[in-house]
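Engineer: everything below, folded, please.
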Amino acid sequence: MDKSIGNTEFDNLLEQFLVHSGVERGLSPATVSAYRADLVKYFSWLAEHKKTTIGSVSSQDVDSFLQSLSGLSPRTRARTLASVHDVHRFALGQGLTDIDISRKIKAPKTSSQLPQVLSVEEVAKLIDAASIGDGTDPISLRDRALLEFLYATGARVSEAIGTNLGDLDFDGHVARLTGKGSKQRLVPFGSYAVDALMRYLNMGRGPLQRAAKGTQETSAVFLNKRGKRLSRQSAWEIIRRCASRARLCKPVHPHSLRHSFATHLIQGGADVRTVQKLLGHASVSTTQVYMHITPTILMEEYVTAHPRAVKR
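Structural biologist: Predicted structure coming up:
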């Protein structure tokens, strides 16, 4: 373990829970790592407050622990409480306690901010900014292919950089993405992405692959300048760099193209459940955040549709 809590029962429970989460539930290493960070904090707090077993913890203890996080954002506190809920349910299932005392503790309300979305024109500017000069150098070809792929498929950055050559079907215009919990889904991609990917694979990927010292990477689609699989941090840097070149007036983050993908599909008439499947969301409620409509579009629709909106 990265850190011992100093209480044998809590240490053992944490390790069992993390193994269960990573192996039996198939959660990603990043999710397991987040669980670890949250629960080390929780169990350490319990130990400091003289709790020695999970069965001795009360709902008041959970509530007091949550209050101790008041300096953190509501989103962080909600995520931490979700980890606490999960470990108490696990302890109940393992017979370590007779009741889940955390179940009635509610998370603080988080703000309902809509995700930052680029317009169609801003997406085009962002993608065009990937090309430097004539756009035929390997890095420009890779960057444009990556941005086109992200926008065409709505893939998470981790899914895009995890894509292998065998996951791309150019005849069917379909990509196989591996998402959270190693769940796979097929997502179509259009002609712009096909062209950008083909140009990169034909002219850009080879030089990058040959730059590797030692064994060459033969599977990954997107490579860094040293011929290795592109990392999440490097992919984010590409997005940030292109946004700076495009001089976009709104903040751009790794999921900007994913958010824009979903919003543009729904505004174009796509069914929310179709978008849910394309995004790989487990619940349609997660997808429904993209069903927002800008005030301008709302007013246009109102004026057009309502019989008494405007005097004729």
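Engineer: now do the buried residues in the helix or strand harbouring N12.
Structural biologist: Assigning secondary structure by DSSP states H and E places N12 in helix 8-19. Across helix 8-19, burial judged by 16 or more other C-beta atoms under 10 Å covers E9, F10, D11, L13, L14, F17, L18. Placement of C-beta: from N, CA and C, glycine included.
Engineer: now do stretch 60-67
Structural biologist: Of the residues in stretch 60-67, those buried (16+ other C-beta under 10 Å) are D61, V62, D63, F65, L66.
Engineer: give me the distance between K50 and N12.
Structural biologist: 19 Å (C-beta to C-beta, to the nearest Å).
Engineer: please apply the same query to L66.
Structural biologist: Separation of L66 from N12 (C-beta to C-beta) stands at 24 Å.
Engineer: before we move on, back to that, after the helix holding N12, which helix or strand is next?
Structural biologist: helix 29-48.
Engineer: from the contact counts, what lies against that next one?
Structural biologist: Helix 29-48 is packed against helix 8-19, helix 59-68, helix 74-93, with contacts defined by 3 or more C-beta pairs under 8 Å, 6 or more residues apart in numbering; DSSP states H and E.
Engineer: how about the ones you listed in a markdown table, adding mean pLDDT and distance to I161?
Structural biologist: Below are the helices and strands packed on helix 29-48 laid out as a markdown table (pLDDT from 0 to 100; distance: least, C-beta to C-beta, whole Å):
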| stretch | mean pLDDT | distance to I161 |
| --- | --- | --- |
| helix 8-19 | 91 | 25 |
| helix 59-68 | 92 | 35 |
| helix 74-93 | 90 | 24 |
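Engineer: can you put those in TSV and add distance to I132?
Structural biologist: Listed next are those as TSV, based on distance: least, C-beta to C-beta, whole Å:
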stretch	distance to I132
helix 8-19	44
helix 59-68	50
helix 74-93	37
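Engineer: K41 is nearest to which of those helices?
Structural biologist: Among these, helix 74-93 comes nearest to K41, with 7.1 Å by C-beta to C-beta.
Engineer: what's downstream of the closest one, the next helix or strand?
Structural biologist: Following helix 74-93 in sequence order, the next helix or strand is helix 120-128 (DSSP H and E).
Engineer: next, the buried residues of that next one.
Structural biologist: Applying 16+ other C-beta under 10 Å to helix 120-128 flags E122, V123, K125, L126, I127 as buried.
Engineer: residues near L278, how many?
Structural biologist: 21 (other C-beta atoms under 10 Å).
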